[in-house]
Each structure stands twice: as C-alpha cells, then as structure tokens.
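>>> give me coordinates for this.
(2 chains)
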Amino acid sequence: MSEVSVVSYAAAPDVRETAGTTNGVEMLVPIIGEALRAANLTKHDIGFWCSGSSDYLAGRAFSFIAAVDAIGAYPPINESHVEADAAWALYEAWIKIRTGEVDTALVYGFGKSSAGELRRVLSLQLDPYTVAPLWPDPVSLAGLQARLGLDRGLWSERDLAEVAARSRGANPAAPVHERVTAEELLRRPYLADPLRRHDCPPVTDGAAVVVLAQAGRARDLTDHPARITGLAHRVETAHLGARDLTASPSTVDAARAAGVDGVALAELHAPFTHQEIILRRALGIAGDVDVNPSGGALVANPMFAAGLARIGEAARRVAPGQRALAHATSGPLLQQNLVCVLEGE
Amino acid sequence: MTSSLPPLSAPLDIEFDYTRSLGSTLGRFATGLAQRRVLGARGSDGRVHVPPPEYDPGTGAPLTELVEVGQVGTVVTWAAQPQPLEGQPLRHPFCWAMIRLDGADTPLVHAVDAPRVATGMRVRAHWADTQGNGIRDLAYFVPDDGQGDGQGDGQSGGQGIGQGGGRGDVRTRQAEVVTTVTTPIRLRYRHSASPEESRYLRGLAQGRILGQRCPACDKVYLPPRGACPTDGVPTVDEVELPDRGIVTTFCIVNVPFLGQRITPPYVAAYVLLDGADIAFLHLVLGCPADEVRMGLRVEAAWKPRDQWGTTLENIDHFRPTGEPDAPYETYAGHL
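Now for the predicted structure:
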C-alpha cells in the first residue's frame, strides 16, 4: 500500500461573517490556487478531488455542486464529496492514494456558518424522531456534557477557563484573540450555565485546502512533506443517553488504530473547552505536548473546514523527525472522531 | 453602477413538514406517548433506554422488548437556556436536562420548566394538550412536588401515575396507533449573491444585461460567475449584451403543475443572446408553441419599467422577431 504525505495547506481567513456566497467559491478560488502553487502543481496534476461541506449551512440542496466551479472542472475530474467535516474527505482521498488509484489528491472544506442560525441548524443533526423535534442546540448539549464532568470532579470551571485563556492568546489572526488570564475569564458571566462565552466556539466562516501526494512523489513537490503514519476514525451511538459523555471511547479506539505515541504537538478539534480535556485524556496527551498552537476551534470554528484545518495546521508545524497528532470531530458532543498522525520529513 | 457596492443578499426562509414513518419500536413509543405513557426498550445488557432505540447502542441487536417506565425522574445533568430558540419546548427561560426516569437506566434529553434546576432534582412529565406528535406529546418536565401533575381530565388517562412515578395504576386512553410523526422544520438564512451576480442583477434593474468574459477561455458568461466552471477563475471583463438572440433548444410544457402561471401548452427555451456563450432558460411566447424551433430569432418583451427589480423577471418573456432563423452551425457549439 502506498504511503501518503501532506504536501501543502492553505486556509481562507477565518471571519465572523463573509459577504460571499454559501457555495464558498470566493473563499476557495484563492486558496486552491495557493495550495497548488505551493506544491508546484496545476489542477491538471491532481488525480482526485474531495470536499466536505453541508447543504444545511446553505439552506439549499446540492449547494456543494456550485463549489466545484472553484476547481475549473474541465476536462472532467475524479471528484467526491462528504456531508461532514472535510477531514473525512481527506480520509477518502487517503484511501484513494493508498490503493494506488491516484498519486495526488486535493481536499477542501468550506462553511459559511453565518448564513443561517447555526445553533438551530446544528440541532438537525440529532435523532430526527426523538431529539431533534425539541431543537436542543449545540451550546445547550455541551452544557449538559460539561456539567456531568463538573459534578463528578473530572474538571473544574477553572480548568475550562485555563483551556480558554491559552487558546484565546494563541493566534492573533483568529476572530477571537485576547491576552487574558483564567481568573479574568472566571469573573465573566455565564452564557448558559455552566458555560461562559469563552467555553464556546465563535460562529466562523472559512475554508481550508490540503494537498496529498503519494509519499514517493512528495519530496519532489515540497521540501517539508508530512507523512501520514496513521489515520483512523470511529463513531459512537446516536443515542445520547447511552453514551458516557465525559469520555470519548471512539477517540480512544481511533488513537489506538492510528498509533499516537511520541507526538510533540497536537491539533485538537475541540469546539468546547471541556471537550479539549476529554480529548487529551482519550488520546493520552502528556503535559509536554504543545496542544493547539493554532488556537483551535475555540478561536476559529469554520464548520466543515475546522477539522481539516487541524490536519493542515499540524502538517505545517511538524518539524523533520517530529511526530504530530491532528484530530477532527463530527456530530453532537464528540460523537465521531478522527485521528491523524503525521511525521515531519 | 460601481463595484464597491456590497453583494446583494436577501432572506431565504425555508420550511418543510417532515412526515416520518415510525416503524415498530418508535411507533409503539409514540403510541404510548399519545396515551400519556412512557416506554423504554430493554437493551442487550438489560439496561432500559428511554427513548427506546431501535437497535442496541452497544451491540446493534434489534430491540423489541418495550417496558413502561415512570413519569417522574431524576436530573442527571442540566444546562440553562436563558434565551430559548425557535422551536424549543418553552418560550421563556428554562433548563435543558438529562433525566433518568424511574425504571429507566439511561437518561433522555428534555426541557424542565424552571430557570434553574439542580443535579439530583426530581422532575415530572408535563403533557402537551395535543397527542400524536411523538416526543413533543411530552411537552416538558416540571419540578416534582410529590403532588401529581394536576393534568387530569378524567378522559385522557395516564395522569394517575401519582407520587414517585410508579407504574401500577396507569389508565390508558384508547388512542389510535401512531404510525407516523410530523415535524415542521423552519429555517431562516440570509442568501448572498456573488459580486459578479450582484453586478448582473443591479444591471437588470436598469434594463441592462451585463455579462462578463472569462479571462482564461474568453467565453462570455451570463450571468457572470465567481468562478468559470471550466477554468476556476472569476469572470472579469464586463460585456453588455443586447436583449435579442436565438432559441438553442426548448421544450413544450403540456403538464399542469402547482403554481403554474401560464396555461399549457407553452414553451420553455434556452435563449442565447447575441454575443453570449452561455444560454439561459426563459419563456418563449408570442407564437403558437408548435412554431418554436431551434435557431428561432427572439427578442425580450420587458415588463413596464415601474415593475423592474434586481431580477431577470423584468423580462416577461421572449418573442419571435420575424428574422430568418440562425443556421445550425452558428449555435451547434452552444448545445
């Protein structure tokens, strides 16, 4: 089976609201070009294209079809789409290269989260018979999950504030950026008890592109490819009550399959502060690991691109000989989790 | 017309009543709710889950044994909802909770009509006035004062659960078997046109038809595009087009449908304006439907100017000009 490397990454500016269309063309055209140029490739060199996005964000059926315009899909291309974070599109592209069908792939994800009422839109990913008709929104559900851990002493509000303080200071280019201490954050009011605003992700419009290549070709395309040494994803039951929401067994399983020992940095797709703590424990991340140097989803959470961006950010930062971990999540309350391990070359 | 104007945008409100068949397990659950009873499913490991999953959350085995559980339960965790969103069970501040009903082993997500609750608090089901709406028959929960729910009307039954939510003396209404549940979904968006589309739409409001040329393939697009589908780059150079051209291909609409504004038969055609490379769909009226043909020369019939907006509907339809038909070779590349 062919080895696969990340050879380039580009991301659109993460913003609270873009004036662009919900098909993401305005965000994608520049960064597809940027990612291709960085790897000295043209669109004609790409063997497979795969995207992640959601019609629910756009309020229109088959909205992702218009995004294909951003490729310039002529002559006809080999293309696919997942209605999930584009990290899962990367998984599909990785398989395509592993099986030898193609030796390059371009993966993109985009989301104009601001077009609708995101909290209501996301409640539609819940069980349509017994849960979604009540419209519980992601902040409320995260509050239920956070309090389970607070009540059991698995984390404290101060632990959550420390995750937030570190994240908010990490990335000056993110829509959320401030130098702030956990003490200051704890003095701020609740958004929805037990969560404060800093425990929740900002509504963010954005897009990301990752180019993959068969490892043998990667060296020709970039000086610093990042080889994917493990990639796995697992899902838990959709029945919320049957899950232990304070742990993430699907992440544990995916990490075991991907092999996460010895990583120096980790980019975790944790939209809520307590979820970073759950993920650290599930992944067995030691104290000396650099977690979310990009700031993570707590400071920029472009729907359907934020998971792919974790892989891109990890690949961009991992030094030769170093190992890095990237994680992506999908569904309510960390229902589905993907773990990608990269090695700098 | 300047390019500094922000792109056009407009509300996009969508709604649909999703009617779902329930199947055996969820059908019995919904029927129970209509009778003011709560049913759970016994899982492979003996645990009782509410709402009843159709398949075991751990093993995936089909679950068929349903058992009635209590209507009083314990708050396992909760979160405040200070500003309820449209569609949620209550319109004033309330709390979400995971509630383990007496007799159940796993909790369900629902609302509690209280601005604050506490973990471990006892809460009791409050039933909706209507029945047959699945989980929404259970309107919300209220703090349990141990005095019953006060919802009795002597006919709808189930309210006799009494203190502690015991299962013994449930009187059931002979409700119809519930086999489907309808969930109305309403979402509100702000739909944005691209910068290129916005120029085109603003042009139409002035009676002008503005296309743009792709810098890579030189094709003139109407409407102009944020990305040429062939080349993946935005169209740039503006090209003002005349309001006349030809029919490339067409169909005669004979079938009536809901919302139809013209009596069949009539013609929907692809119209290729002179100088454009992309045809668009419009109506061809002004001659019998069976006289419309490929290559027919047509011109725009505009609505009165006072009815114009930022829309192609400013052109009511296209009509034949009487000029000689265009030879097939001239539009063969546009089919």
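>>> show me the contacts for B:Tyr266.
Neighbouring residues of B:Tyr266 by Cβ atoms under 8 Å, 6 or more residues apart in numbering or on different chains: B:252-253, B:283, B:285, B:289. Any C-beta I mention is one placed from the backbone N, CA and C, and that applies to glycine too.
>>> can you tell me the SS state at the nearest residue to B:Phe141 once chain neighbours are set aside?
Once flanking residues are discounted, B:Phe141 sits nearest to B:Val123: 4.1 Å by Cβ to Cβ, 6 or more residues apart in numbering or on different chains. Here B:Val123 is recorded as strand under DSSP: H, G, I helix; E, B strand; the rest coil.
>>> one step back: give the ChimeraX command for selecting the buried subset of the contacts of B:Tyr266.
Selection of buried members from the contacts of B:Tyr266 for ChimeraX, criterion 16 or more other Cβ atoms under 10 Å in any protein chain shown:
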select /B:253,283,285,289
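>>> kindly provide the distance from the residue in the stretch 101-250 of chain B that chain A sits nearest to to A:Arg179.
Relative to chain A, the nearest point of the stretch 101-250 of chain B is B:Gly232 (2.6 Å; Cβ to the nearest Cβ). Counting by Cβ to Cβ, to the nearest Å, the gap from B:Gly232 to A:Arg179 is 40 Å.
>>> and those two? which has more neighbours close in?
Between B:Gly232 and A:Arg179, B:Gly232 has the larger neighbour count (other Cβ atoms under 10 Å in any protein chain shown), namely 22 against 8.
>>> contacts for the lowest-mean-pLDDT helix or strand in chain A next, please.
Within chain A, no helix or strand scores below helix A:63-67, which has a mean of 90 by mean pLDDT, DSSP states H and E. Residues from elsewhere that reach helix A:63-67 (Cβ under 8 Å, 6+ apart): A:21-25, A:28, A:51, A:53, A:55, A:57, A:81, A:108, A:110.
>>> nearest to chain A, of the contacts of B:Tyr266?
Using Cβ to the nearest Cβ, B:Val253 comes nearest to chain A of these, at 22.5 Å.
>>> picking that back up, are any of the contacts of helix A:63-67 buried, and which?
Here, 16+ other Cβ under 10 Å leaves A:21-25, A:28, A:51, A:53, A:57, A:81, A:108, A:110 buried among the contacts of helix A:63-67.
>>> tell me which two of those sit farthest apart.
Greatest spatial distance in those: A:Thr21 and A:His81, 16.9 Å, computed using Cβ to Cβ.
>>> tell me how the chain divides into domains.
As the question left the chain open, I've gone with chain A. According to automatic domain parsing, chain A is divided into the following domains: A:4-117+A:203-221, A:118-199, A:226-344.
>>> hmm, no, I was thinking of chain B.
Following the assignment in automatic domain parsing, chain B carries domains at B:20-184, B:193-240, B:242-335.
>>> what's the closest of the ones you listed to A:Glu3?
In terms of Cβ to Cβ, the element of the domains of chain B nearest to A:Glu3 is domain B:193-240, at 29.3 Å.
>>> quick one: end-to-end length of the closest one, please.
End-to-end distance for domain B:193-240, by Cα to Cα, to the nearest Å: 20 Å.
>>> reformat the buried ones among the contacts of helix A:63-67 as TSV; add distance to chain B and secondary structure.
Formatted as TSV, the buried ones among the contacts of helix A:63-67 follow (distance: Cβ to the nearest Cβ, whole Å; DSSP: H, G, I helix; E, B strand; the rest coil):
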residue	distance to chain B	secondary structure
A:Thr21	5	coil
A:Thr22	7	coil
A:Asn23	8	coil
A:Gly24	10	coil
A:Val25	4	helix
A:Leu28	8	helix
A:Ser51	14	strand
A:Ser53	15	coil
A:Leu57	9	helix
A:His81	16	strand
A:Tyr108	12	strand
A:Phe110	13	strand
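>>> helices of the stretch 1-150 of chain A, residue ranges please.
Ranges of helices within the stretch 1-150 of chain A are A:25-38, A:55-58, A:63-67, A:86-98, A:118-123, A:138-151, based on DSSP state H, counting those that start in this stretch.
>>> correction: the previous question concerned chain B.
For chain B, the helices defined by DSSP state H cover B:23-34, B:195-205, B:328-331.
>>> now for the first one, which elements pack on it?
Read it as helix B:23-34. Using 3 or more Cβ pairs under 8 Å, 6 or more residues apart in numbering or on different chains; DSSP states H and E, the elements in contact with helix B:23-34 are strand B:38-42, strand B:66-69.
>>> pull the residues that contact that helix.
A:129-130, B:22, B:38-39, B:41, B:51-54, B:63-64, B:66, B:68, B:131-132, B:134-135, B:137-138, B:173, B:175-179, B:181.
>>> buried subset of these?
Among those, those classed as buried by 16+ other Cβ under 10 Å are A:129-130, B:22, B:38-39, B:41, B:51-54, B:63, B:66, B:68, B:131-132, B:134-135, B:137-138, B:175, B:178, B:181.
>>> if we ignore the residues flanking it in sequence, what's nearest A:Glu34?
A:Ala10 (4.1 Å).
>>> around chain B, which positions in the stretch 201-345 of chain A sit nearby?
For the stretch 201-345 of chain A, the residues in contact with chain B (Cβ under 8 Å from any Cβ of the partner chain) are A:237, A:239-243.
>>> again, 10 Å this time
Counting by Cβ under 10 Å from any Cβ of the partner chain, the stretch 201-345 of chain A comes close to chain B at A:236-243, A:245-246, A:332.
>>> tell me the centre residue of chain A?
When Cα atoms, centre = their mean is applied to chain A, the residue found nearest the centroid is A:Gly307 (1.0 Å).
>>> now do that one against B:Thr235, distance only.
Taking Cβ to Cβ as the measure, A:Gly307 falls 32 Å from B:Thr235.
>>> what's near enough to touch the residue lying farthest from the centre of chain B?
For chain B, the residue at maximal distance from the C-alpha centroid (Cα atoms, centre = their mean) is B:Pro324, at 46.9 Å. By Cβ atoms under 10 Å, 6 or more residues apart in numbering or on different chains, B:Pro324 lies in contact with B:295, B:297.
>>> and residue 190, how many neighbours?
As the question left the chain open, I've gone with chain A. For A:Tyr190, the count of nearby residues is 15 (other Cβ under 10 Å).
>>> hmm, no, I was thinking of chain B.
The burial count assigned to B:Arg190 is 15, neighbours taken as other Cβ under 10 Å.
>>> just to check, it is in contact with A:Ala58?
No: the criterion here is Cβ atoms under 10 Å, and B:Arg190 misses it with A:Ala58 at 11.1 Å.
>>> joint contacts of those two?
Common contacts of B:Arg190 and A:Ala58 (Cβ under 10 Å, 6+ apart): A:22, A:112, A:115-116, B:12.
>>> next up, phi/psi of residue 84, please.
Unless you meant another one, I'm taking chain A. Main-chain dihedrals, A:Ala84, degrees, to the nearest 10: phi -160, psi 170.
>>> ok, it - contacts?
A:52-54, A:91, A:109, A:233, A:304, A:307, A:328, A:330-331, A:336, A:338.
>>> by neighbours, which of those residues wins?
Neighbour counts for those (other Cβ under 10 Å) peak at A:Gly109, which has 36 neighbours.
>>> how far away is it from B:Glu240?
To B:Glu240, A:Gly109 is 38 Å away according to Cβ to Cβ.
>>> bridging residues for the residue in the stretch 51-200 of chain B that chain A sits nearest to?
Here the stretch 51-200 of chain B gets closest to chain A at one residue, B:Ala79, 2.7 Å apart by Cβ to the nearest Cβ. Note on B:Ala79: beta-bridge partners B:Trp96, judged by DSSP bridges.
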